[in-house]
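Peer 1: Sequence first, predicted model second:
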Amino acid sequence: MKCRRCREPAVVDVRRHNAAFCRDCFLHHCREQVRRAVEEHRMIGPGERVLVAVSGGKDSLALWDLLLALGHRADGLYIGLGIGTYSDRSHGFARRFADERGLRLHEVDLAHDLGFDVPEAAAATRRAPCGACGLSKRHLFNAVALEHGYDAVATGHNLDDEAAVLLGNVLRWEVGYLGRQHPVLPAAPGFARKVKPLIRLGERETAAYCVLGGIDYIVEECPMAEGNRHLGYKEVLNALEDRSPGSKASFLFGFLERGHPRFAEGSAREQEGLSPCRSCGSPTTGEVCAFCRLRERVGAEPRRERRAG
Ligand code: Q46
Ligand code: ZN
């Protein structure tokens, strides 16, 4: 197998593109895919500051590295979820990545700063942990971005993630979610812009990017992911992709081009009826936002010492 770009021996193949690459040309291919996604969807403007949501896994660390390689100003945000040794280890990978490169990493610890962790929230709500976890992460990414004046929050959702979410939304015809499923959600009062620059790269590509690019990441999966519906959707999509490479990309990109505009209008109207949460000020449809309701349910009191004044 020869590299498509330079004809040297290839080390990795990308079936979707019917191509193989040597190390350097593969890293170049990944940068190109992210550059295209950022430009095509106008995710980040020149000179803007980006806050990268970093979990210590392959996608978020590859994302941070790629944005910096493309010349963007990007800092990281790590959220300690309190999921046992998995959280401790993932924190270590995020911290080391930042320290070795002299990067700024913001840190929020759910238990320490907000008074509850993901296992406690799951127990209190008697629901799968991913619901409370995702809600908390979204709330905090947004809050930290607004507090520090970042222009956008970037998350490491890749092509596989987005195709799986799309399949789930289509299977249940979640028209509201379909209207909001887009690689860019523009800023609105109380909301920072959200961007997903990895949508043109699959899971295998982000892992290969880390391995070939010398990025250490946590390989073990979150132990609380079990029962997460998206894992099943990914299996189904992988089986389709195996038979016909490119299926995932055409499913997702076809939706973004031709399906999404039909659902987007309805979700824009939903945004209009929002008012500030009585407790934290985030925009919400009720009096108190979902994150503050969750905190009330868990009976959370921040464990950090109160600062004087
Ligand atoms: S960290 Fe949280 Fe994920 Fe673990 S509990 Fe679920 S949502 S699986 S990305
Ligand atoms: Zn609130």
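Peer 2: Noted; the coordinates are in hand. Ligands and ions are numbered 1, 2, ... in the order given.
Peer 1: helix or strand for His106, which one?
Peer 2: Counting by DSSP states H and E, the element that carries His106 is strand 105-109.
Peer 1: Would you quantify the distance from Cys280 to Ala300?
Peer 2: 12 Å (C-beta to C-beta, to the nearest Å). No exception for glycine: its C-beta is placed from N, CA and C like everyone else's.
Peer 1: Sort out which residues of the strand ranked longest in the chain are buried, please.
Peer 2: Across the chain, the strand with the greatest residue count (assigned by DSSP state E) is strand 73-80. For strand 73-80, a neighbour-count test (16 or more other C-beta atoms under 10 Å) marks 74-80 as buried.
Peer 1: okay if I get the residues you listed as CSV plus pLDDT?
Peer 2: Converted to CSV, the buried residues of strand 73-80 look like this (pLDDT from 0 to 100):
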residue, pLDDT
Ala74, 98
Asp75, 98
Gly76, 98
Leu77, 98
Tyr78, 98
Ile79, 98
Gly80, 98
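Peer 1: Closest to Phe255 out of these?
Peer 2: Among the buried residues of strand 73-80, Ala74 lies closest to Phe255 (C-beta to C-beta), at 27.6 Å.
Peer 1: so how far is Val153 from the closest one?
Peer 2: Applying C-beta to C-beta, one obtains 11 Å for the distance of Ala74 from Val153.
Peer 1: shared neighbours of these two, anything?
Peer 2: Taking C-beta atoms under 8 Å, 6 or more residues apart in numbering as the contact criterion, the residues that touch both Ala74 and Val153 are 50-52.
Peer 1: Between the residues you listed, which sits nearest ligand 1?
Peer 2: Each of these was scored against ligand 1 by C-beta to the nearest ligand atom, and Val52 proved nearest at 14.8 Å.
Peer 1: ok, which stretches of the protein are strands?
Peer 2: Assigned by DSSP E, the chain shows strands spanning 12-14, 19-21, 49-53, 73-80, 105-109, 152-154, 184-185, 193-195, 275-276, 283-284.
Peer 1: Which of those strands sits closest to ligand 2?
Peer 2: For ligand 2, the closest of the strands of the chain is strand 283-284, at 6.6 Å, according to C-beta to the ion.
Peer 1: tell me the contacts of the closest residue to Val50 other than its chain neighbours?
Peer 2: Distances taken as C-beta to C-beta, 6 or more residues apart in numbering put Ala74 closest to Val50, at 4.5 Å, once the chain neighbours are dropped. The neighbours of Ala74, taking C-beta under 8 Å, 6+ apart as the test, are 49-52, 64, 67-68, 103, 154.
Peer 1: same thing but at 10 Å, please
Peer 2: 44, 48-52, 54, 63-68, 103-104, 150, 152, 154 (C-beta atoms under 10 Å, 6 or more residues apart in numbering).
Peer 1: Run through those residues and flag the ones next to ligand 1.
Peer 2: Among the contacts of Ala74, no residue is within reach of ligand 1 (C-beta under 6 Å from any ligand atom).
Peer 1: For Gly214, give me its contacts.
Peer 2: Contact analysis of Gly214 by C-beta under 10 Å, 6+ apart lists 65, 100.
Peer 1: can you put the strands of the chain in TSV and add distance to Arg258?
Peer 2: What follows is those, written out as TSV (distance: least, C-beta to C-beta, whole Å):
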stretch	distance to Arg258
strand 12-14	25
strand 19-21	26
strand 49-53	29
strand 73-80	32
strand 105-109	38
strand 152-154	25
strand 184-185	17
strand 193-195	21
strand 275-276	34
strand 283-284	30
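Peer 1: Which one, of those strands, ends up nearest to Arg4?
Peer 2: When these are ranked by proximity to Arg4, the top entry is strand 19-21, at 4.3 Å, counting by C-beta to C-beta.
Peer 1: near ligand 2, which residues of the stretch 151-300 of the chain show up?
Peer 2: 277, 279-280, 282, 289, 292 (C-beta under 5 Å from the ion).
Peer 1: Export these to TSV and append columns for pLDDT, distance to ligand 1 and neighbour count.
Peer 2: Putting those into TSV (pLDDT from 0 to 100; distance: C-beta to the nearest ligand atom, whole Å; neighbours: other C-beta atoms under 10 Å) gives the following:
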residue	pLDDT	distance to ligand 1	neighbour count
Cys277	94	22	20
Ser279	92	23	15
Cys280	91	21	14
Ser282	92	20	19
Cys289	95	19	23
Cys292	94	19	20
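Peer 1: Which pair of these spans the longest distance?
Peer 2: For these, the farthest-apart pair by C-beta to C-beta is Ser279 and Ser282; their separation is 8.8 Å.
Peer 1: Tell me which residues are up against the strand holding His106.
Peer 2: Around strand 105-109, the neighbours that count as contacts under C-beta under 10 Å, 6+ apart are 51-52, 54, 64, 75-82, 87, 91, 94-95, 97-99, 113-114, 117, 136-137, 140-141, 143-145, 147-148, 150, 302-304.
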